[in-house]
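> Sharing a model that was predicted from the sequence below.
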Amino acid sequence: MYPDNPVYCTAIPFLMSECGMDRARASGVAKGMLRRLRRGKVIILYVPESPVQSEIPKMYVPEVGRFVPVYQW
């Protein structure tokens, strides 16, 4: 696993707090997210909050049925 990877650093805490997963399950889902991202098999949703404020990029994760952040600044 790549603990310094932004996907892991962003998705795992989200999956644990917002989706009620334990760390092992959240890590497995994040690993699948990263695999799909690397294959180019995913669309990233990036909707600005306003013309001057960025929102964090998210991808749809079928395992949880919702959009999950993949990066945070």
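Received the coordinates, thanks.

> Can you show me the helices along this structure?
Under the criterion DSSP state H, the chain contains helices at 6-19, 23-39.

> Adjacent strands (with direction) for the lowest-mean-pLDDT helix or strand in the chain?
Lowest mean confidence among the helices and strands of the chain (mean pLDDT, DSSP states H and E): strand 44-45, at a mean of 87. With DSSP bridges as the test, strand 44-45 is paired with strand 58-61 (antiparallel).

> The strand it pairs with: which residues count as buried?
Going by neighbour count (16 or more other C-beta atoms under 10 Å), the buried part of strand 58-61 is 58-59, 61. All C-beta atoms are positioned from the backbone trio N, CA, C, and that covers glycine.

> Could you do stretch 22-35 as well?
Neighbour-count burial for stretch 22-35 [16+ other C-beta under 10 Å]: 25-27, 29-31, 33-34.

> coming back round to it: just the closest of the buried residues of strand 58-61 to V70, please.
V70 lies nearest to M59 out of those, by C-beta to C-beta, at 5.4 Å.

> contacting residues for the closest one?
33, 36-37, 42-45, 67-68, 70 (C-beta atoms under 8 Å, 6 or more residues apart in numbering).

> one more time with 10 Å
Contact partners of M59, counting by C-beta atoms under 10 Å, 6 or more residues apart in numbering, are 7, 11, 33, 36-37, 42-46, 67-71.
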